[in-house]
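*Asks:* structure, please.
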Amino acid sequence: MTADQTFVVIGAGQAGGWTAKTLRDEGFEGRIIMVGEENFPPHERPPLSKEVLLGDAEKDTCLLWPKDTLDEANIEMRLGVRVTEVTPDAHTITLDDGETVSWDKLMIATGGRATALPVDGADLEGVFTLRTIDDAEAIRAKLTSDATVLVIGAGWIGLEVAAAARKRGATAIVVELADRVCARALTPEMSQWIHDLHVRNGVDIRCGVSFDHFEGDGGLRRAIMADGSVIDCDIAVVGIGLTPNVELAAAAGLDVDNGIVVDERGQTSHPDIYAAGDNANHPNSLLGRRIRLESWENAQNQAICAAKAMLGGEDTYAEIPWFWSDQFDANIQMMGLPEDWNETVVRGDRNAGEFVEFYLKDGKLEGAAAINNPRDLRFTRRMMMSDKTFNASDLADPDVKLQKLLKG
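*Replies:* Okay, the predicted model is just below:
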């Protein structure tokens, strides 16, 4: 660890910010340069589709730290700048202004971008995706009481946008190709509960609908479905998933497979290059498979581990994934990435909107999803990491404390 080394971080989001901060916190005395395409210092994205979109918070609340914190840590920030090339053999990156920057260790924390719809009219004014601070502010300005908002995609982002639109008085219509909301993440029963939540709050959800194109005279006026039906709308928000930003890594010859392939310490196929966050495909020993996670917690904790590895640390990263969403009066949380289970157990009251769904495989807990019940869900991670098996009757009984099952 020498003061004459230069570590470069590409990306100024959650993973990039925590990489740079951790390097300093761990005692690195060399030069740290952070390059970010957006004109904002390190920030987190969850508030963008929640508090910022609702108007309950301003963009500065998304910042990970006050600017003074980064200045005092002597972290050089090149914001509003794009990296056009990574050259591993020369240990350099090239910026879009032509500058070449040399590095000893490199972190690629480029995250992902909102997947675009390759359809006619996608470039019309009024058609948005939601990924950046600028996106959130532009959409928020359009969420007025006389607006009709079309949301394409009934995943987490789409449903959060629909909830924000309704809370701001706009008309919200959601179209989804699958036959239910959040089909990739939730059981049919949990999907139905969230579907009903939105309908109760005035959202028009249409599943099994295939979208075709947008129309308008400069600005968006309508959306045309594959069956020819027309939805008149003032704005549209496309929420059909995230595309990991792996182009720089692929062009540099790094291994790429549904993300940048890294080991349990965040190291890529090049010994001096690391990756963390939404764009990193890592082995998870707790789940027994490789995964690429799009979550706030993963971006932070994987980056901290990888930053330590850049300094020679031997810590490895493996956590039970955790996700959350706020929609209307429901706090939704999920633990794990269950792929296969043979028993579903409900603890609590579905009708009252306070319950947990546990997913068991031969008594082993594979994951859980909770509505307005963070208290019980917080034990799920420890239960999943234990070697214990659990009885469905115990899990379903609210009088049986989950911590007692962990100790038993």
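
*Asks:* a strand runs through residue 215, doesn't it?
*Replies:* Yes - using DSSP: H, G, I helix; E, B strand; the rest coil, the secondary structure at residue 215 is a strand.

*Asks:* quick one, longest helix in this structure?
*Replies:* Taking residue count as the measure and DSSP state H as the definition, the longest helix of the chain comes out as helix 296-310.

*Asks:* which parts of it are buried?
*Replies:* By 16 or more other CB atoms under 10 Å, the buried positions in helix 296-310 come out as 296, 298-310. To be clear about C-beta, it is placed using only N, CA and C from the backbone, and glycine gets the same treatment.

*Asks:* and for stretch 345-356?
*Replies:* For stretch 345-356, the neighbour count (16+ other CB under 10 Å) marks 345, 347, 348, 353, 354, 355, 356 as buried.

*Asks:* okay, and the helix or strand of the chain with the least pLDDT?
*Replies:* Between all helices and strands in the chain, the lowest mean by mean pLDDT, DSSP states H and E belongs to helix 51-54, at a mean of 82.

*Asks:* who's in contact with that one?
*Replies:* Residues lying outside helix 51-54 but in contact with it, judged by CB atoms under 8 Å, 6 or more residues apart in numbering, are 57-59, 61-62, 130, 133, 136-137, 139-140, 143, 160-161, 164, 167-168.

*Asks:* let me know the pLDDT of residue 62.
*Replies:* Among the per-residue scores, residue 62 shows a pLDDT of 85.

*Asks:* output stretch 99-109 as PDB, nothing but the C-alphas.
*Replies:* This file holds the C-alpha atoms of stretch 99-109, laid out as PDB (Å, rounded to 0.1, in the frame of the first residue of the first chain):
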ATOM      1  CA  GLU A  99      -7.600  12.400 -21.700                       C
ATOM      2  CA  THR A 100      -5.800   9.200 -20.800                       C
ATOM      3  CA  VAL A 101      -5.600   8.300 -17.100                       C
ATOM      4  CA  SER A 102      -3.200   5.700 -15.800                       C
ATOM      5  CA  TRP A 103      -4.100   3.400 -12.900                       C
ATOM      6  CA  ASP A 104      -2.600   0.700 -10.700                       C
ATOM      7  CA  LYS A 105      -5.900  -0.900  -9.700                       C
ATOM      8  CA  LEU A 106      -9.300  -0.300 -11.400                       C
ATOM      9  CA  MET A 107     -12.900  -0.700 -10.200                       C
ATOM     10  CA  ILE A 108     -15.600  -0.900 -12.800                       C
ATOM     11  CA  ALA A 109     -18.800   0.000 -10.900                       C
END
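
*Asks:* ok, residues contacting that stretch?
*Replies:* Among residues not part of stretch 99-109, those counted as contacts by CB under 8 Å, 6+ apart are 5-11, 13, 15-16, 19, 30, 33, 35, 86, 90-95, 248-249, 260, 268, 272-277, 279, 299, 303, 306-307, 310.

*Asks:* so where is the stretch 1-150 of the chain shaky, pLDDT-wise?
*Replies:* Across the stretch 1-150 of the chain, the stretches falling below the confidence threshold (pLDDT under 70) are 1-2.

*Asks:* what's opposite residue 171 in the beta bridge?
*Replies:* When bridges are taken as DSSP bridges, the partners of residue 171 come out as residue 148.

*Asks:* wait, it touches residue 149, no?
*Replies:* Yes - judged on CB atoms under 8 Å, residue 171 makes contact with residue 149 at a distance of 6.7 Å.

*Asks:* more crowded one of these two?
*Replies:* In this comparison of residue 171 against residue 149, neighbours counted by other CB atoms under 10 Å, the higher total goes to residue 149 at 27 against 17.

*Asks:* now for the more buried one: which residues touch it?
*Replies:* By CB under 8 Å, 6+ apart, residue 149 lies in contact with 142-143, 161-162, 165, 170-173, 233-237.

*Asks:* quick check on residue 138: phi, psi?
*Replies:* The main-chain torsion angles of residue 138 are listed as degrees, to the nearest 10 and equal phi -70, psi -40.

*Asks:* sorry, back to before: mind exporting the longest helix of the chain as CSV, just the C-alpha atoms?
*Replies:* Presented in CSV, the C-alpha positions along helix 296-310 are these (Å, rounded to 0.1, in the frame of the first residue of the first chain):
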residue,chain,number,x,y,z
TRP,A,296,-29.0,-1.3,-2.9
GLU,A,297,-27.6,-3.6,-0.2
ASN,A,298,-25.5,-5.6,-2.7
ALA,A,299,-24.1,-2.5,-4.4
GLN,A,300,-22.8,-1.2,-1.0
ASN,A,301,-21.6,-4.4,0.6
GLN,A,302,-20.0,-6.0,-2.4
ALA,A,303,-18.2,-2.7,-3.2
ILE,A,304,-16.8,-2.6,0.4
CYS,A,305,-15.5,-6.1,0.1
ALA,A,306,-14.0,-5.5,-3.3
ALA,A,307,-12.3,-2.3,-2.2
LYS,A,308,-10.6,-4.2,0.6
ALA,A,309,-9.5,-6.8,-1.9
MET,A,310,-8.0,-4.1,-4.0
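
*Asks:* ok, then the element right after it?
*Replies:* strand 322-327 (DSSP states H and E).
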